[in-house]
Structure formats: structure tokens, C-alpha cells
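1. what shape does this take:
(one chain, ligands or ions: 1)
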Amino acid sequence: MINLVLFGPPGAGKGTQSERIVEKYGLIHLSTGDVFRANMKEETELGKLAKQYISKGELVPDEVTINMLKEEVLKHKNPKGFIFDGFPRTAKQAKALDIFMEEIGSEVSQMISLDVEKEELKKRLAKRAIDSGREDDADPEIIENRIKVYQAETAPVMEYYDKQGKWTKVDGIGEIDEITERLFEVIDKLIK
Ligand code: ADP
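-> Numbering: from 1, shown residues only. Okay, the predicted model is just below:
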């Protein structure tokens, strides 16, 4: 199995690039944000709980997120591998993922982070708000909080993978196709 963590701040382009990686490598895309949004739409218990946090630009508690992710992974029989998008977002989630992957006889192959600076992120999120209808993209204060939470809680996850020699940084500024090429180059090397 090849398991990638696609990492980056809100608006870095993880969703867009994940689609392309899925197409080329046949991996399963697992976006915690997408799963939460689907649950919010269906008004499940998980969705109601997640909404309380997401609407404020905060993280959903680790326990809840970790359990959900494990369930999602276990839904797939004989997967070629996964792209984790939006997970892990805290050091605790990263540790939990390592333990879980080991339990299922696998591991995280590489964490690839998309590097995009703050002003560009704000521009992208404001633009996405228009077509996605996402509540958490529409309010500049919520966006600001998400970026703050990213810096405080999520950025340390890079260090976590760096210590394991599993962190690759990719420039997330430029044409979408260009960035895809940069990612493919990294993944091709991992596969060989
Ligand atoms: P973005 O990367 O643009 O912030 P996501 O779709 O990945 O968007 O996530 C949307 C929201 O869902 C986050 O702001 C957070 O509240 C919640 N969320 C997603 N993934 C996690 C996670 N791993 N841990 C905690 N909360 C999460």
C-alpha cells in the first residue's frame, strides 16, 4: 500500500490535487472535511456535533475525528492505498494514525505539504466561498480563525513527519497543472 498524507493550510489546494492523484494512482481519497460535511448535510449525530466546531473555524475533537477516520479506512477491502486529506491535523491525530496503520499492517509512506502563503490563502478561500456555498469560507473572521488554528495546532504535524524522514514540501503556488506535476514527481519517486 502507498499511503499519502496531503497536508497544507485551508485553501492550499488539497482537494483539487487529491482528485488528480486519485485518477493517476488509483488511491482512495479520504477527506475528513468531506466526511464531516456529508454528515452535516444528512444531519447525523456526528454531523450535528461537527457543525458546532466547523461553523466557528475550530477543529472537531480528536477522539471523534480519529474514530471516524478509522471507520472510513476499514470500509475498503484490499485498497491500493489512501490519500489522507485534512487528516492528521494535530500531533495527537498523527500518533493515532501511526498506531492504527500499524494495526492494519501498513504505514504512512509520505507526508506531502503544499506550501502557500497566507494572503494567497485568503484570496482563494474568499473565491471558493462564492461557488462552494461553504459557510466556513464565507466569513473572513472564520477564515482568520482557521488559519490561526492551522498555525497553532496543525503546523506541528510537519515536524512530526520530518522527524520520521517522511516530509516533502511542495510549492503550492502556480498553475494547478504545474502543482500537479510537482506532486506526481514526488509520488513517482516513492513508488519506485
Ligand atoms: P480546509 O482544509 O479548507 O480547512 P476541510 O474541508 O479540510 O477544509 O475541513 C473543514 C473543517 O472540518 C475544518 O475547519 C475543521 O473544523 C473540520 N476538520 C476537518 N478535518 C479535521 C480533522 N482532522 N480534525 C479536526 N477537525 C477537522
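
2. please count neighbours and contacts with C-alpha atoms only from this point.
-> OK.

3. give the contact list for P140.
-> A126 (Cα atoms under 8 Å, 6 or more residues apart in numbering).

4. how much space between it and A129?
-> 10 Å (Cα to Cα, to the nearest Å).

5. give the contact list for the residue positioned nearest the centre of the chain.
-> Nearest to the mean C-alpha position of the chain, counting by Cα atoms, centre = their mean, stands G86 at 1.9 Å. Contacts for G86 (Cα under 8 Å, 6+ apart) come out as L6, F7, G8, K14, S31, T32, G33.

6. helices - which of these land there?
-> Counted as lying in helices by DSSP state H, out of these, are K14, T32, G33.

7. which of the residues you listed ranks first by neighbour count?
-> Most neighbours among the ones in helices among the contacts of G86, by other Cα atoms under 10 Å: K14, with 22 neighbours.

8. okay, it: pLDDT?
-> Looking at K14, its pLDDT is 95.

9. does it touch V5 like I think?
-> No: counting by Cα atoms under 8 Å, K14 does not reach V5; the two are 9.9 Å apart.

10. anything in contact with each of these two?
-> Joint contacts of K14 and V5 (Cα under 8 Å, 6+ apart) are D85.

11. so which residues on this structure come close to the ligand?
-> Residues of the chain lying close to the ligand (Cα under 6 Å from any ligand atom) are 10-11, 32-34, 53-54, 57-61, 65, 86-89, 146.

12. got a quick ChimeraX command for the buried subset of the residues you listed?
-> With 16 or more other Cα atoms under 10 Å as the criterion, this ChimeraX line picks the buried residues out of the residues of the chain next to the ligand:
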select :10,11,32,33,54,57,58,59,60,65,86,87,88,89,146
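
13. excluding covalently adjacent residues, which one is nearest to L69?
-> Nearest residue to L69, sequence neighbours excluded (Cα to Cα, 6 or more residues apart in numbering): T32, at 7.1 Å.
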